[in-house]
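**Student:** Below are the sequence and a predicted model; questions follow.
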Amino acid sequence: MKLHTIGLDYDGTFTLHPEAWEKAIDAWKLGNMFPIFVTMRFKNEPLITTSDIPIIYTGRMSKISYCLHRGLRFSVWVDDSPHFLYQDAYEEDPITVGRNKWHDNEYEKLRTTKDEIDEILHNLKSFGVN
């Protein structure tokens, strides 16, 4: 049976009712689904959870693009702000600033790396995800 990956948002989704989401995570795992937190936070803004699912920190970059460019595709997304699946987080005044500073290399060390995502993918393959 094929496992499906679920991109689960943290802020405003999981944080709204963590106990209920923990139960959903357990149910998803029983149903051959593999949930992964995907957050626009940086690594130095850790999530508070007792869940053992992996966490991807995109560092204010759009979630789908960030994950796809690092080789990870999700079957389902659960997010209270779906526009951030495709859109980077705003700077204070994006109109006057111009290019979004979140793309600057200085922020890369605060994001989940390609190697870390490869490790998540390796662990998924051990569960039978293609």
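**Tutor:** Cool, the structure landed.
**Student:** Can you tell me how far L16 is from Y10?
**Tutor:** 10 Å (C-beta to C-beta, to the nearest Å). Quick note: C-beta positions are derived from backbone N, CA and C, even for glycine.
**Student:** Sorry, slip of the keys, the one I care about is L121.
**Tutor:** From L121 across to Y10, the span is 20 Å (C-beta to C-beta).
**Student:** Buried residues of stretch 82-93, list them for me.
**Tutor:** Buried residues in stretch 82-93, counted by 16 or more other C-beta atoms under 10 Å: 84-85, 87-89.
**Student:** Could you do stretch 63-72 as well?
**Tutor:** Using 16+ other C-beta under 10 Å as the test for burial, stretch 63-72 gives 63-64, 66-67, 70, 72.
**Student:** among these, which are in helices?
**Tutor:** Using DSSP state H, the members of these that fall within helices are 63-64, 66-67.
**Student:** Skipping its backbone neighbours, what lies nearest Y10 in space?
**Tutor:** The shortest distance from Y10 to any non-neighbouring residue, by C-beta to C-beta, 6 or more residues apart in numbering, is to T39 (4.5 Å).
**Student:** Output the longest strand belonging to the protein.
**Tutor:** The single longest strand within the chain, with elements called by DSSP state E, is strand 33-39.
**Student:** between L16 and Y10, which one's more packed in?
**Tutor:** Each of L16 and Y10 has its neighbours counted (other C-beta atoms under 10 Å); Y10 has more, 21 against 11.
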